[in-house]
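S.K.: sequence first, then the predicted structure, then my questions.
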Amino acid sequence: MSVSPMAYETQFFGFTPQTCVLRIYLAFQDYLFEVMAVVEGVVLRKLDAFPDCRISPLEIRKSTEKFLRFMKDRFEQLFSKMEEMLLQLVLNIPKNVLLPEDRAHQQYPYSKEQFQALQDEIAHLRQQYRAEACAGQALRAELEEQKAVQAELEKILQWFDGLENICREHGTGNFKESLAFLTQNSKKLQNVLKDVEEKSKKIKKHDQLL
């Protein structure tokens, strides 16, 4: 059996030529064994028609095995030639034949150095794409943050607008006066809150004493 890899033929056929030849060899061998078993059975049936025949079934089996060995030897000799013919003339792709999927290599030939340079360029472009993708993600996050800040600023502006309207309702049109008015009221509320807290503490102490 040939040990040549025959990679191009394997690419075209989808199987190695050696595997095909081996299967043919095994099929012929199995067929030879089956034929010899059939021949032996026919001979034994014929002997049953001649009771006076002195040839025993054991002698028939020995003769069958001897003939099988002879046929195997002849088969091995013939199949070696058949294998050579199959691998060289049938399952072989000539050197001048180019498969369709490999025509691109003929149209755009590259040396090892050019191919390596192309691989390096692809790796650089991938790295650049990843960096740009990360930058884009950071920009989108910053944009979302700016939107959130803008929403908060709009709320503050609305609060100031509402504050100005409240001040106008209370007769305070100037913004500084409005702030002073709110500060004064805020202090009053803080004092009231402190009084409430002190009274609450006194009540809790009184309850604990009871």
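M.R.: Perfect, thanks for sending it. Numbers count the residues shown, from 1 in each chain.
S.K.: now name the helix or strand holding the spatially most central residue of the chain.
M.R.: Nearest to the mean C-alpha position of the chain, by C-alpha atoms, centre = their mean, lies Arg126 at 18.6 Å. Assigned by DSSP states H and E, Arg126 falls within helix 112-169.
S.K.: can you give the domain ranges for this structure?
M.R.: 7-107, 113-173, 175-209 (the TED database).
S.K.: hey, which of those is tucked in deepest?
M.R.: domain 7-107 (a mean of 12; mean count of other C-beta atoms under 10 Å). All C-beta atoms are positioned from the backbone trio N, CA, C, and that covers glycine.
S.K.: quick revisit: can you put the domains of the chain in CSV and add mean pLDDT?
M.R.: CSV is the format used below for those (pLDDT from 0 to 100):
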stretch, mean pLDDT
domain 7-107, 85
domain 113-173, 79
domain 175-209, 64
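S.K.: those helices in this protein, which residues are they?
M.R.: For the chain, the helices defined by DSSP state H cover 7-13, 17-48, 57-85, 103-107, 112-169, 175-209.
S.K.: other SSEs contacting the second one?
M.R.: Contact analysis of helix 17-48 by 3 or more C-beta pairs under 8 Å, 6 or more residues apart in numbering; DSSP states H and E lists helix 7-13, helix 57-85 as its packing neighbours.
S.K.: swap in the third one?
M.R.: Using 3+ C-beta pairs under 8 Å, 6+ apart as the contact criterion, the neighbours of helix 57-85 among helices and strands are helix 17-48.
S.K.: what angle separates the helix it packs on from helix 57-85?
M.R.: With axes from the mean of the first three to the mean of the last three C-alpha atoms, to 10 degrees as the basis, helix 17-48 and helix 57-85 are set at 160 degrees to each other.
S.K.: can you offset everything so residue one is 18?
M.R.: All right, first residue 18 from here; so that's helix 34-65.
S.K.: could you give the separation of helix 34-65 from the chain centroid?
M.R.: Remark: helix 34-65 is offset 47 Å from the chain centroid, using C-alpha atoms, centre = their mean, to the nearest Å.
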